[in-house]
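**Student:** What follows is a protein structure lacking sequence information:
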């Protein structure tokens, strides 16, 4: 890494004696990649989205609720969810949060939790959602936030494959069939684990059918 960095045809007139391999990798490669990533993040996420994600991270239970901050959590509810929390509920939320962290750190079922999803599930299992109903509401709102357009872009990519010229000629009554095909294709990771026989059995047991579904 301390050798001189050689470029081009390695002719002496093309070389810079003060540039070593470590300097080249550090400034010409590493910094350039970091700058490119920052440009991409800034173009995809506005300042408002960054603030939303920052405030939402204060609910993260990782490392023993290390990021927990009552002021930021209340700001999250007040700024980004004004239709879900009234001013009086924000005040009540603050009081809930004062007891919430103490309870979570002492409760054995909430030790070593690593995700907000797991925290939400433990809330339901221990019925803590009934005691901290406003915190539970805020966690649900954070978990359902669409922080990117990846799902939408994936759906449009799937549409290009499914919406063929023959499908485009379908009449209106086949619209729901096309929509179902889209869902199955986009969520194929889920549909791949569904047993087709169980689906046939459900249809067979739901109502009489003129077509024989089972042998």
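**Tutor:** Perfect, thanks for sending it. All values reported here derive from a predicted model rather than from experimental measurement. Residues are numbered from 1 along each chain as shown.

**Student:** Where in this protein is the helix or strand with the lowest mean pLDDT?
**Tutor:** None of the helices or strands of the chain scores lower by mean pLDDT, DSSP states H and E than helix 165-168, at a mean of 62.

**Student:** after that one, next one along is what?
**Tutor:** helix 175-186 (DSSP states H and E).

**Student:** Just the buried residues of that following helix, please?
**Tutor:** Neighbour counts using 16 or more other Cβ atoms under 10 Å place 182, 185, 186 of helix 175-186 among the buried residues. Bear in mind the C-beta positions are built from the backbone N, C-alpha and C, glycine included.

**Student:** after the helix ranked longest in the chain, next one along is what?
**Tutor:** Longest helix in the chain, counting residues (DSSP state H): helix 87-106. Downstream of helix 87-106, the first helix or strand assigned by DSSP H and E is helix 116-125.

**Student:** which outside residues touch the helix or strand hosting residue 23?
**Tutor:** If you go by DSSP H and E, residue 23 is part of helix 21-23. Taking contacts as Cβ atoms under 8 Å, 6 or more residues apart in numbering, the residues outside helix 21-23 that touch it are 1, 2, 3, 4, 5.

**Student:** quick one: residue 77 from residue 115, how far?
**Tutor:** 20 Å (Cβ to Cβ, to the nearest Å).

**Student:** So what's the residue count around residue 103?
**Tutor:** Residues near residue 103, counting by other Cβ atoms under 10 Å, number 13.

**Student:** Contacts only, for it.
**Tutor:** For residue 103, the contact set (Cβ under 8 Å, 6+ apart) comprises residue 128.
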